[in-house]
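[1] Fold the following.
(chains A and B)
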Protein chains: 2
Amino acid sequence: MQVGIGDDCAVLRLPRGHEALVTTDFNLENVHFRRAWHPPDSVGHRCLARGLSDIAAMGGEPMAAFLSLALPPDVEQRWVDEFTKGLIRLAQRFRVPLAGGDTAQSPRGILADIVVLGAVPAGKAVLRSGARAGDLIYVTGRLGGAAAVLEQLRDGKNVRLKDSPAHFYPTPRLKVGRYLREHGLATAMIDISDGLSTDLNHICEASRAGARIEATRVPIGDNVRDLALALHGGDDYELLFTAARKRRVPGKIAGIAVTCIGEIVRGRGMKIVQDGREKKLTPGGWQHFEG
Amino acid sequence: MQVGIGDDCAVLRLPRGHEALVTTDFNLENVHFRRAWHPPDSVGHRCLARGLSDIAAMGGEPMAAFLSLALPPDVEQRWVDEFTKGLIRLAQRFRVPLAGGDTAQSPRGILADIVVLGAVPAGKAVLRSGARAGDLIYVTGRLGGAAAVLEQLRDGKNVRLKDSPAHFYPTPRLKVGRYLREHGLATAMIDISDGLSTDLNHICEASRAGARIEATRVPIGDNVRDLALALHGGDDYELLFTAARKRRVPGKIAGIAVTCIGEIVRGRGMKIVQDGREKKLTPGGWQHFEG
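    Below is the predicted model of the structure:
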């Protein structure tokens, strides 16, 4: 970074021959988090993780983050300090400088908007649109864990932070995304922020193709009792990608399990094979917890 | 732009040998605008103008804009359409693609966060920190117009949109900023968003220098009766810059008047010469209209 916080703009040099990646994500109180449920450092962590996960899904490298934060009068300084600590901790882990942003007073509720600038070798960004019929579909890690915790929180259950990293401190899969891009393995990629069914549908729509997945192959988190959470629950921040059938995809990349869950097919729409029968899979998607 | 709205990130190629500029600005209802005072297309215009003005203040070229917009349930679709129209109209005028963003439901009030990605030849960004004692201080256009309109609105007066472009439809001084950078004229530059006194103070602080301006030389807008509005009123989005005394600065750049208002001096603090006497100029700054 050339110039950071304190001038009209941040000035950043991208590596030679690289394109810029830009992603922006809102994190709003009572929409994306609740003060009663999420400790402030988790809110800060999740805020940046969302942006980094988008960079990972392109196979990119994060270069700098920008935080716009509007605070209502009822927020204590301690909350802000802890929020910042959680965000900075994740930023340092991935060596992403916090290079700017904006602050304002909010009339109600905490409002954060995170922007991440990344870089990727020109022409090498992994898009959602590259999946072809016959490609196999893969996911990283295990799914549904974040949504399962949210269900527990909704039910008023006591949730231990340390047992629920998938929800409170998700790890953006930057190393996996980079590996897939460097090895030219992924034909299409997206991060699972809205839920497997919704995000797989994004790949299908962008690639003008259909998909068939097998229920028994979907990797389900330890604490997840219901397949529906793994299929439709959001906020897992795992990667969903497709690869040509003839390419060998490792079972583990950067220490993270990679599981084949199905294939891209001709035509449109998504199917799921469950108990020997093929059913329609509709993008159930993640309902923010206001609904 | 390579890939726009619809993938995990926007992918953009910067011109060879250029650095990236990033700026992000909140635009919050009842903090930066009021629905009763500002027609929606003006809110959209001002939203993007703030970001473009920051790019102008670095001598940069805008490459793409990103809008994060959170809407409360009580906003009509027509408001959103007009807001978008105002924003897009300004974007098209400066050939800036709207390349992405985020949307969400807001618990209360309209929340917009605008991000602009720009480019500037490597090492050529005009910073706030380059002013040296002896440099002359210049401003573009006329000051105080936006604040004068705000005062009228506060007083419940009827304000005609067409007579008040400085407030409702400010023009970011991109051409002037580019000219100054290309000709190596400006030693330091900032846009006047918080008011002349506050923004000049930013240059002084960053450059570790002081400033002396002459009251009679400050170019005041037609509708501005009080010098204080020109000195402390914000939202003018004119450029404030310094140039070496020996350099000839044109009286007009890209059709916009450029006025010398004083000089950078040794030491710290700002002075204003008024009625033959030298007084202290304190950063009065722009008070958002909630205060």
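
[2] Mind listing what's buried along stretch A:51-63?
    Residues of stretch A:51-63 classed as buried: A:51-63 (neighbour count, 16 or more other C-beta atoms under 10 Å in any protein chain shown). Every residue, glycine included, has its C-beta placed from N, CA and C.

[3] swap in stretch A:83-103?
    Buried-residue list, stretch A:83-103, by 16+ other C-beta under 10 Å: A:83-84, A:86-88, A:90-91, A:94, A:96-102.

[4] In the stretch 51-200 of chain A, mark out all the strands, start to finish.
    For the stretch 51-200 of chain A, applying DSSP state E, counting those that start in this stretch gives strands covering A:61-71, A:98-105, A:111-121, A:136-140, A:186-191.

[5] okay, now A:Gly251: neighbour count?
    Number of residues near A:Gly251 (other C-beta atoms under 10 Å in any protein chain shown) recorded here: 9.

[6] List the beta-bridge partners for the residue lying closest to it once chain neighbours are set aside.
    Distances taken as C-beta to C-beta, 6 or more residues apart in numbering or on different chains put A:Val258 closest to A:Gly251, at 6.0 Å, once the chain neighbours are dropped. Beta-bridge pairing of A:Val258 under DSSP bridges involves A:Thr140.

[7] quick one on the thing from earlier: among the buried residues of stretch A:83-103, which one sits closest to A:Gly118?
    A:Val96 (9.0 Å; C-beta to C-beta).

[8] and A:Arg277, how many residues sit next to it?
    A count of nearby residues for A:Arg277, using other C-beta under 10 Å, gives 8.

[9] which of the buried residues of stretch A:83-103 sit farthest apart?
    Pairwise distances across those peak at 22.4 Å for A:Phe94 and A:Asp102 (criterion: C-beta to C-beta).

[10] and A:Leu229, which of the strands of the stretch 51-200 of chain A is closest to it?
    strand A:136-140 (14.1 Å).

[11] Send me the closest one as PDB with only the CA atoms.
    Only the C-alpha atoms of strand A:136-140 are listed here, as PDB (Å, rounded to 0.1, in the frame of the first residue of the first chain):
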ATOM      1  CA  LEU A 136     -18.000 -32.400 -11.200                       C
ATOM      2  CA  ILE A 137     -19.200 -30.300  -8.300                       C
ATOM      3  CA  TYR A 138     -17.100 -29.900  -5.100                       C
ATOM      4  CA  VAL A 139     -17.400 -28.200  -1.800                       C
ATOM      5  CA  THR A 140     -14.700 -27.400   0.900                       C
END
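
[12] can I see the domain layout of chain A?
    Domain assignment for chain A, taken from automatic domain parsing, gives A:18-121, A:136-281.

[13] Now the last one: average pLDDT?
    Computed over domain A:136-281, the mean pLDDT rounds to 95.

[14] What is the end-to-end distance of that domain?
    End-to-end distance of domain A:136-281: 17 Å, with C-alpha to C-alpha, to the nearest Å as the criterion.

[15] what does the first one give?
    The first residue of domain A:18-121 is 4 Å away from its last residue (C-alpha to C-alpha).

[16] can that domain be found next to chain B?
    Yes: contact of domain A:18-121 with chain B (C-beta under 8 Å from any C-beta of the partner chain) involves A:19-26, A:28-32, A:54-55, A:57-58, A:60, A:64, A:66, A:68, A:70, A:99-109, A:111, A:113, A:115, A:117-118, A:120.

[17] What subset of the residues you listed is buried?
    By neighbour count, with 16+ other C-beta under 10 Å, those hold A:19-26, A:28-32, A:54-55, A:57-58, A:60, A:64, A:66, A:68, A:70, A:99-102, A:104, A:106-109, A:111, A:113, A:115, A:117-118, A:120 as buried.

[18] quick one: secondary structure of the spatially most central residue of chain A?
    What sits nearest the mean C-alpha location of chain A, by C-alpha atoms, centre = their mean, is A:Tyr237, with 3.1 Å. Under DSSP: H, G, I helix; E, B strand; the rest coil, A:Tyr237 falls in the coil class.

[19] quick one: contacts for it?
    A:Tyr237 is in contact with A:Ala49, A:Arg50, A:Ser53, A:Ala146, A:Pro170, A:Thr171, A:Pro172, A:Arg173, A:Asp191, A:Ile192, A:Ser193, counting by C-beta atoms under 8 Å, 6 or more residues apart in numbering or on different chains.

[20] how close does A:Asp41 sit to A:Lys162?
    13 Å (C-beta to C-beta, to the nearest Å).

[21] The two: who's more crowded?
    Higher neighbour count among A:Asp41 and A:Lys162: A:Asp41, with 22 against 7, using other C-beta under 10 Å.

[22] Residues in a beta bridge with A:Phe33, which ones?
    Bridge pairing for A:Phe33 - DSSP bridges - gives A:Glu29.

[23] close enough to count as contact, it and A:Asn27?
    Yes: counting by C-beta atoms under 8 Å, A:Phe33 does reach A:Asn27; the two are 6.6 Å apart.

[24] Mutual contacts of these two, please.
    A:Val43, A:Arg46.

[25] neighbours of A:Val265, just the number please.
    A:Val265: 17 neighbours (other C-beta under 10 Å).

[26] Can you verify my assumption that it contacts A:Gly210?
    Yes: A:Val265 lies in contact with A:Gly210 (C-beta under 8 Å); the separation is 4.5 Å.

[27] intersection of neighbour lists for those two?
    When contacts are counted by C-beta under 8 Å, 6+ apart, the set common to A:Val265 and A:Gly210 consists of A:Ala133, A:Lys271.

[28] that older thread, could you point out which of the buried residues of stretch A:51-63 is nearest to A:Glu151?
    A:Ser53 (21.5 Å).

[29] pretty sure that closest one is touching A:Arg173, no?
    Yes: A:Ser53 sits in contact with A:Arg173 when judged by C-beta under 8 Å, with a separation of 7.0 Å.

[30] hey, what's in contact with both of the two?
    The contact sets of A:Ser53 and A:Arg173 overlap at A:Asp191, A:Tyr237 (C-beta under 8 Å, 6+ apart).

[31] residues contacting the residue nearest to A:Gly251?
    By C-beta under 8 Å, 6+ apart, the contact list for A:Val258 reads A:Tyr138, A:Val139, A:Thr140, A:Val176, A:Val249, A:Pro250, A:Gly251, A:Lys252.

[32] make it 10 Å
    Neighbouring residues of A:Val258 by C-beta atoms under 10 Å, 6 or more residues apart in numbering or on different chains: A:138-141, A:176, A:179-180, A:185, A:219, A:238-239, A:241, A:243, A:249-252.

[33] If any of those residues are buried, put those into a PyMOL selection.
    Buried subset of the contacts of A:Val258, written as a PyMOL selection, criterion 16+ other C-beta under 10 Å:
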select buried, chain A and resi 138+139+140+141+176+179+180+185+219+238+239+241+243+249
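
[34] A:Ala230: which of the strands of the stretch 51-200 of chain A is closest?
    strand A:136-140 (9.4 Å).

[35] Compute the inter-axis angle for the closest one and strand A:186-191.
    40 degrees (axes from the mean of the first three to the mean of the last three C-alpha atoms, to 10 degrees).

[36] mind checking how far A:Ile192 is from A:His38?
    Taken as C-beta to C-beta, the span from A:Ile192 to A:His38 is 20 Å.
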